[in-house]
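A.B. asks: give me coordinates for this.
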Amino acid sequence: MKYEEKKFSIGKLEGISEKTITEHLKLYSGYVKHTNLILEKAGDLIKNPDTQYAGAEMQRRFSFEFNGMRNHEIYFSLLENSNKDGIKEGKLFSEISKTWGSFDAWLENFKKIAVSVRGPGWVMLYRDKTTGNLLNSWVDEQHLGILNGLDVIVALDMWEHSYYLDYTPAEKGKYVEAFFANLNWTVAEKLFENA
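C.D. replies: Residues are numbered from 1 along each chain as shown. Presented below is the predicted three-dimensional model:
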């Protein structure tokens, strides 16, 4: 089994530089590479008593690399073919408005999570497969705090690598605004409908 690196067609973005996207895509490439490396090597290392510990540690790292790969695939897909018109209608808009009372209330909550939590991680809009509920949540790094059994609808990378070439850490709110200015809601809508 081997995972293939996805290619993304991300044009000029408002508030997020081409250099940031280029460097960020290199990081994503590394997650794919290391996911495959662990799948290839960890099993053999665990079989040998002399390398069992190294194999187990490599396997423990798997969720970080795999989730880093998947989180970035959602993130970059949301920036492809940027939809500057935003969201104005559709099932996702209706469900967000129903859950939070209004779309603006949801957006304010999501953005506050993004700028308030300290340290690296992600802000996710999830859909619970069991109940159909929508939830906003923080994910530490790539893998700590992932909510099981939920599908990601919007993934906002809040690691400094996603914005440090364009903004200082104190300006991360500007990066959050830029993300939403470029977010392709058609992709988010499809993720919601497929959840």
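A.B. asks: ok, and the closest non-adjacent residue to residue 110?
C.D. replies: Nearest non-adjacent residue to residue 110, counting by CB to CB, 6 or more residues apart in numbering: residue 136, 5.2 Å away. C-beta: built from backbone N, CA, C; applies to glycine.
A.B. asks: again, but for residue 127
C.D. replies: residue 195 (4.1 Å).
A.B. asks: neighbours around the one you found, how many?
C.D. replies: Applying other CB atoms under 10 Å, we find 16 residues neighbouring residue 195.
A.B. asks: that one contacts residue 130, correct?
C.D. replies: No. At 11.3 Å, residue 195 does not count as touching residue 130 under the criterion of CB atoms under 8 Å.
A.B. asks: which elements pack onto the lengthiest helix in the chain?
C.D. replies: The single longest helix within the chain, with elements called by DSSP state H, is helix 18-47. Under the contact criterion of 3 or more CB pairs under 8 Å, 6 or more residues apart in numbering; DSSP states H and E, helix 18-47 touches helix 52-60, helix 62-79.
A.B. asks: can you rerun that using 10 Å?
C.D. replies: If contacts are counted by 3 or more CB pairs under 10 Å, 6 or more residues apart in numbering; DSSP states H and E, helix 18-47 sits against helix 52-60, helix 62-79, strand 150-157.
A.B. asks: rewinding a little: what touches both of residue 195 and residue 130?
C.D. replies: Residues touching both residue 195 and residue 130 (CB atoms under 10 Å, 6 or more residues apart in numbering) are residue 150.
A.B. asks: checking residue 139 next. Helix, strand or coil?
C.D. replies: At residue 139, secondary structure determined by DSSP: H, G, I helix; E, B strand; the rest coil is strand.
A.B. asks: I'd assumed residue 121 was in contact with it.
C.D. replies: Yes. Applying CB atoms under 10 Å, one finds residue 139 in contact with residue 121, separated by 5.4 Å.
A.B. asks: common neighbours of the two, please.
C.D. replies: 71, 145, 158.
A.B. asks: PyMOL command for the buried members of those?
C.D. replies: A single PyMOL command selects the buried members of the shared contacts of residue 139 and residue 121 (16 or more other CB atoms under 10 Å):
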select buried, resi 71+158
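A.B. asks: in TSV, list the shared contacts of residue 139 and residue 121 along with pLDDT and distance to residue 91.
C.D. replies: Formatted as TSV, those follow (pLDDT from 0 to 100; distance: CB to CB, whole Å):
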residue	pLDDT	distance to residue 91
71	96	23
145	76	27
158	97	27
